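>>> take a look and give me a structure for this.
(one chain, ligands or ions: 1)
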Amino acid sequence: MTDVLPLRATAIAQDGLFIGGRWTGATHDRVYATVNPADGTVITDVADGSAADIDAAVRAARRAFDEGPWPRMSGHERARILLAAADLIERDAEELARLDTADMGKPLAFTRIENGFFAPAIYRYYAGLASQMSGTTHDSVGSAFAYTLREPIGVIGAITPFNVPLLLATTKLAPALAAGNTIVHKPSETTPLSALKIARLLAEAGLPEGVLNVVTGTGAAPGIALVAHPGVDKIAFTGSNLVGQEIIRASADTLKKVSVELGGKSANIIFADAYLDEAIDHAFNGIFYGSGQVCVAGSRLLVQRPVYDQVVETLARRAEATLPGDPLDPGTVIGPLAHQLQFEKVSSYVRIGLDEGAELVTGGQPHHPQGSDSGWYYRPTIFKGRNDMRIAQEEIFGPVITVIPFDTDEEAVALANGTKFGLASAVHTRDIKRAHSIAAAMRAGTCWINTYAQWDPGISFGGRKASGYGRELGPEVMHSYSETKSVWVDLPVGPDAALGGDLSL
Ligand code: NAD
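Residues are numbered from 1 along each chain as shown. Okay, the predicted model is just below:
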């Protein structure tokens, strides 16, 4: 490895769970090891929180919501703290990038951008919206009128996945806090370190105690306890479809609000009239960023037949020239898979692809960077295949792309929409009319035209169909972390009222 492990990781993890503004060990002082997927070494031990720890965290968040200053502050005051948090995240961006790189294997080149640029930008964006939470006024019948108040929901249970640890927590924490809620965050068991560091930074920024609580832990138990807890008002979940469905079912018992951001099998369409170099660039980054462990990974590449062979060959040459390497090396663009299960899942889907007759163009095997005989590295893998194959229908969540030919616009749309998922899509063409009509026809939450995976805090993001419901980012997310209260006002009609009586219906 080119660098030492993040030195602060040990100190951060030894702090334990963050509950009610204090660091505390898990029940029975249980810990587990978080492992670096690049070489299999233990980074540090982390507190293994249980249902009892979740209960303590929810009670702290409940107290902070019911009695504490956070929901009662003006939006301007909340904004000041969120802006300070953004500055602190920027100050410690390098450490935050290294924590996520060590924990999940995403190259430092990318965690620096995610954690050092996007995360503070999101805090600043929602700081700007914190003071804009407002209701409406309505004329009504007679002397009465009504207005609405926009109020925070209460305690939010934020459950996040392993693949973009800090940023996907930020897309929940920043708007939820801006709206005045309190939070219990349960990060992925395999990538808990940046969440603990963020708790420390938000406290330093001035977040009152109990407003953000972080419970790390193994297995499903802490997440299940959070979803079942009657003290939680909403679950904001990002993760797999299976777990998302379990959460929706479980939430019925306590009638919680739920938003679920789930998996994808996004189609990236390249027409023969596209600028091919750019389109292939986007196709390459669209699937191999994060070793394909990205919900919007462009894992189905639909290519118009006249340029099909050219696109496949160029993409394959590029894949063969970009072998995975040490994620802490700033020049690396593909790191290891995040953990053993991911590695096994990818390997098994490659076997499935071969069994169902897809043509393996390149990759399809593990890789060991020079000088290393460990780590969950997998070569960028390209299949020629059909849309009805399992490798084109099921989320692999790895560096595996299936390239599928098409002839007409209608066929491209049918193929792109021909999965249960509906997270993202893209189209590459020089024909602007065609581009807009394809974008309109996509049954997906996002469509990129002549680009891929562009983000901005002000543009909403989320899925349709089996990719979930609810949105992240954008101004409308403030509505999913707040609710309206309607207030009716009438003039008091006393015995001497000049208007002569009660006019209400
Ligand atoms: P996962 O569903 O296995 O785990 C997500 C989180 O849920 C973790 O914190 C986990 O501990 C917790 N959890 C597990 N079982 C639970 C239960 N029964 N009740 C409550 N919580 C439980 O997902 P993962 O493997 O960490 O992440 C990969 C998945 O996330 C992929 O499917 C990917 O597409 C999806 N994802 C979606 C988006 C999006 O915005 N749509 C973004 C990133 C990742």
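
>>> and the residue of the stretch 51-200 of the chain nearest the ligand?
The nearest approach of the stretch 51-200 of the chain to the ligand comes at Pro161, 3.0 Å away (CB to the nearest ligand atom). Any C-beta I mention is one placed from the backbone N, CA and C, and that applies to glycine too.

>>> can you report how many residues neighbour that residue?
Per other CB atoms under 10 Å, the neighbour tally for Pro161 reads 24.

>>> any idea which element it lies in?
Under DSSP states H and E, no helix or strand contains Pro161.

>>> check contacts around Ala178.
Contacts for Ala178 (CB atoms under 8 Å, 6 or more residues apart in numbering) come out as 75, 78-79, 82, 126-127, 129-130, 478, 481.

>>> widest-spaced pair of those residues?
The span of these, defined through CB to CB, is set by Ala79 and Tyr481 at 14.8 Å.

>>> the ligand contacts on the stretch 201-350 of the chain?
220, 223-224, 227, 238-240, 243, 246-247, 261-264, 295 (CB under 6 Å from any ligand atom).

>>> just the buried ones out of those residues, please.
The neighbour-count test (16 or more other CB atoms under 10 Å) marks 223-224, 227, 238-239, 243, 246-247, 261-264, 295 as buried among those.

>>> sort out for me which of those residues are in strands.
Taking DSSP state E, the ones among these that sit in strands are 238, 261.

>>> please identify which of the buried ones among the residues of the stretch 201-350 of the chain next to the ligand is nearest to Ile280.
Nearest to Ile280, judged by CB to CB, of those is Gly264 at 20.8 Å.

>>> now that closest one: closest residue in space, sequence neighbours ignored.
Setting aside the residues directly before and after it, Gly264 is nearest to Leu423 in space (CB to CB, 6 or more residues apart in numbering), at 3.2 Å.

>>> what of Ser437?
Nearest one to Ser437, counting by CB to CB, 6+ apart, is Asp409 at 7.5 Å.

>>> residues near Ile270, how many?
Ile270 is flanked by 27 other residues according to other CB under 10 Å.

>>> which residues does it bridge with?
Val303, His428 (DSSP bridges).

>>> if I pick it, what's in contact with it?
Residues in contact with Ile270 (CB under 8 Å, 6+ apart) are 276, 279-280, 283, 301-304, 307, 311, 428.

>>> redo these as a markdown table? Include neighbour count and pLDDT.
Listed next are the contacts of Ile270 as a markdown table, based on neighbours: other CB atoms under 10 Å; pLDDT from 0 to 100:
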| residue | neighbour count | pLDDT |
| --- | --- | --- |
| Leu276 | 18 | 98 |
| Ala279 | 27 | 98 |
| Ile280 | 24 | 98 |
| Ala283 | 26 | 98 |
| Leu301 | 30 | 98 |
| Leu302 | 26 | 98 |
| Val303 | 29 | 98 |
| Gln304 | 22 | 98 |
| Val307 | 19 | 98 |
| Val311 | 22 | 98 |
| His428 | 28 | 98 |
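
>>> quick one: low-confidence ranges for the stretch 401-505 of the chain?
Per-residue confidence for the stretch 401-505 of the chain (pLDDT under 70) gives these ranges: 496-505.

>>> and for the stretch 51-200 of the chain?
Within the stretch 51-200 of the chain, the ranges that satisfy pLDDT under 70 run 141.

>>> how about the residues of it by the ligand?
Going by CB under 6 Å from any ligand atom, the residues of the stretch 51-200 of the chain near the ligand are 159-164, 168, 186, 188-189.
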